[in-house]
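Peer 1: pasting a predicted model and its sequence here:
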Amino acid sequence: MSTIRLTMAQALVKFLDQQYVSVDGAETKFVTGIMGIFGHGNVTGIGEALERSPGSLTYVQGKNEQGMAHAAAAYARQSLRRKIYACTSSIGPGALNMVTAAGTATVNRIPLLLLPGDNFASRQPDPVLQQLEASHDYTVSATDCFKPVSKYWDRIVRPEQLMTAALNAMRVLTDPAETGTVTLALPQDVQTEAYDYPLSFFEKRVYELERQQPAASALAKAAELVRSKRRPLIVAGGGVQYSGATEQLAAFAEKFGIPVAETQAGKGSLPWSHPLSVGGIGVTGGLAANKLAKEADLIIGIGTRYSDFTTASKSAFANPEASFLNVNVNRMDAVKLDGAALIGDAKLAIRLLGEALEETGYAAQYADGELARIRDEWNGEIDRLYAIEREDGLAQTRALGVVNETIGGEAVIVCAAGSLPGDLQRLWRPGSSRGYHMEYGFSCMGYEVSGAFGVALAEPNRDVYALVGDGSYLMLHSELVTSLQEGRKLTVLLFDNHGFQCIHNLQRGHGSDGFGNEFRYREPSTGRYTGAPMPIDFAAHARSLGAAAYKAGSAEELREALRQAKQETRTTLIEISVLPGTNTDGYESWWNVGVPEVSASPKVVHAHEEMNKQKSRARAY
């Protein structure tokens, strides 16, 4: 057997450079490169390997470990999970900074390969700098924190263990049903230890992402279930996008006259103007989808994990005769809500189910003009919200209308947290199926700018916009600098409403007078944050980092700033002053949040009583 002597880190880099995936005969290099921040846990290991023998892998220098890992996840998602960047860090805080991003990727079913440094396997220098010493278990290190947020976790304490670990890592990363974060903890001494690796380990590997075909019996039962129902409603999730099933979805809906609602991850599965598209569903959904959901007797969930926002805490589907048919490659998601499971690839399953239904001449039985009327009603409401004019400032919905009208149909918007996701799922009219990139599985504040950089890496020929509140921007914006360094332009649309106003709204809607959520000075007389709003100049901050920057406080100023930003060749920030509380809300949805049963405030007690009334209307499981 022919061998080559390499350090473990060199072998890992060489292995990653030879990994490919194939979908429907189209072959793609899976690992584009490695993002990293070097420290004493990886600089002389993976750092040396990337410096001296990177192969065709590109190294991207992160500025914050969480930020670069978010960027890597966004890159993978925008690439439909067919390309990734791995991420390397030092031990201790450098590694732990990636835990949040690990959870974000796993919740969203996105492949993310993390390579954090770890303690010395030999233990000879213990305790090394940044080592976590657990007196009850000396095998525990900081990287154990990745276990609950990883789909596969391994610690490589001998160089030859890399071979088993790397193959298992690729098994999970390329599995449509079980993908998520993979963490390979790499002790800093083992990274630099050499081993005679077999050359066969570094041969090109192509992973066939096969389209799983549903079982014939499950398909027959699914078709029988659909035929027994009159008012089906499709809920399109992210799996529609990852499967590349948007055309099949449109054909299926048109053939049988079934309206299509969308989750955050599934938004854009049908063009917003399609006569069967009824928009977002659930807590952040719109009137059309939520009205239809209440009366639907069958919910066909395609590639959705049925989060509480999608189901309105299991209250959205009020018809006691409602059944669920769940098309999903992931068995756990397929059996949710006690649904009939059709386990398989969305693109293939939709086609096969359509063929089975076509044989019997099935058609949904909505009244003539019913869907058109409900769509017209909702689109009229969107138009109204987009056109709101206020004398005292710029409404958030008006600002979004200006952005939607101005940036062009091929642009990609990126968002994650705050009040913007609700407004966007309800109101945004995407120009293409991959123009709406919302991280709402974890709703991770700080994803927006980092995610936009990842999207810009994946889509170098499209305009990319990060829509972010001032609260999220303050949490994490470091990869704005990386975008400048890499020459990958993105435009940050910063909606400044002076605080965590989304949670402020939630708080006040459940009996609070408002506490701790606005960016105000502490008032000496009250001891609370009730003073004047803090005057933060976000545009000046962006300029100090090297970005171009503009300010807008009116619709006209925003439209002009967008036009000027489009002409810029570098990353640009537009600071948009919007009025707090001018976001959307409601539309026949409900969210179950804990409200105190006992409080000094009668308003809180009343809110608790109202919450219990709503809970009684939700499904039990």
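Peer 2: Arrived safely, thanks for sending.
Peer 1: please make it C-alpha for all contacts and neighbour counts, starting now.
Peer 2: OK.
Peer 1: after the longest helix along the chain comes which helix or strand?
Peer 2: In terms of residue count, the longest helix belonging to the chain (DSSP state H) is helix 370-386. Going down the chain from helix 370-386, the next helix or strand is helix 396-406, by DSSP states H and E.
Peer 1: alpha carbons only: can I get that following helix in CSV?
Peer 2: Only the C-alpha atoms of helix 396-406 are listed here, as CSV (Å, rounded to 0.1, in the frame of the first residue of the first chain):
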residue,chain,number,x,y,z
GLN,A,396,-40.9,50.7,8.6
THR,A,397,-43.4,49.2,6.2
ARG,A,398,-43.1,52.3,3.9
ALA,A,399,-39.3,51.9,4.0
LEU,A,400,-39.6,48.2,3.0
GLY,A,401,-41.9,49.2,0.1
VAL,A,402,-39.4,51.6,-1.2
VAL,A,403,-36.6,49.0,-1.0
ASN,A,404,-38.8,46.3,-2.6
GLU,A,405,-39.6,48.6,-5.5
THR,A,406,-36.1,50.0,-6.0
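Peer 1: helix, strand or coil: sort out residue 130 for me.
Peer 2: coil (DSSP: H, G, I helix; E, B strand; the rest coil).
Peer 1: what's the closest non-adjacent residue to it?
Peer 2: Once flanking residues are discounted, residue 130 sits nearest to residue 92: 5.0 Å by C-alpha to C-alpha, 6 or more residues apart in numbering.
Peer 1: that neighbour: what's it in contact with?
Peer 2: Residues in contact with residue 92 (C-alpha atoms under 8 Å, 6 or more residues apart in numbering) are 118, 130-132, 142-143.
Peer 1: just say helix, strand or coil for residue 47.
Peer 2: helix.
Peer 1: buried stuff in stretch 170-178?
Peer 2: Neighbour-count burial for stretch 170-178 flags 170, 172-178 (criterion: 16 or more other C-alpha atoms under 10 Å).
Peer 1: need the max-distance pair from those residues.
Peer 2: 170 and 177 (13.3 Å; C-alpha to C-alpha).
Peer 1: quick one: residues contacting residue 114.
Peer 2: Going by C-alpha under 8 Å, 6+ apart, residue 114 touches 69, 86-88, 102, 181-184.
Peer 1: could I get these as JSON lines with neighbour count and pLDDT?
Peer 2: Shown next, in JSON lines, are these (neighbours: other C-alpha atoms under 10 Å; pLDDT from 0 to 100):
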{"residue": "69", "neighbour count": "33", "pLDDT": "98"}
{"residue": "86", "neighbour count": "22", "pLDDT": "98"}
{"residue": "87", "neighbour count": "30", "pLDDT": "98"}
{"residue": "88", "neighbour count": "32", "pLDDT": "98"}
{"residue": "102", "neighbour count": "30", "pLDDT": "98"}
{"residue": "181", "neighbour count": "32", "pLDDT": "98"}
{"residue": "182", "neighbour count": "30", "pLDDT": "98"}
{"residue": "183", "neighbour count": "27", "pLDDT": "98"}
{"residue": "184", "neighbour count": "25", "pLDDT": "98"}
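Peer 1: nearest to residue 308 among those residues?
Peer 2: Distances from residue 308 to the contacts of residue 114, taken as C-alpha to C-alpha, are shortest for residue 102 (21.0 Å).
Peer 1: would you list the phi and psi of that closest one?
Peer 2: Note on residue 102: backbone dihedrals following degrees, to the nearest 10 are phi -60, psi -50.
Peer 1: just the mean pLDDT for the longest helix of the chain, thanks.
Peer 2: Mean per-residue pLDDT for helix 370-386: 97.
Peer 1: which phi and psi does the most centrally placed residue in the chain have?
Peer 2: By C-alpha atoms, centre = their mean, the chain has its centre lying nearest to residue 439, at 2.4 Å. Dihedral angles of residue 439 (phi, psi; degrees, to the nearest 10) stand at phi -90, psi 100.
Peer 1: number of nearby residues for the closest residue to it other than its chain neighbours?
Peer 2: Counting by C-alpha to C-alpha, 6+ apart, residue 439 lies nearest to residue 416, which is 4.7 Å off, once chain neighbours are set aside. When neighbours are defined as other C-alpha atoms under 10 Å, residue 416 has 28 of them.
Peer 1: how close does residue 416 sit to residue 444?
Peer 2: 6 Å (C-alpha to C-alpha, to the nearest Å).
Peer 1: and residue 204, by the same measure?
Peer 2: According to C-alpha to C-alpha, residue 204 and residue 444 sit 36 Å apart.
Peer 1: neighbour count: these two, which is higher?
Peer 2: More crowded of residue 204 and residue 444, by other C-alpha under 10 Å: residue 444, with 19 against 13.
Peer 1: torsion angles phi and psi at the more buried one?
Peer 2: Per degrees, to the nearest 10, the backbone of residue 444 is at phi -90, psi 110.
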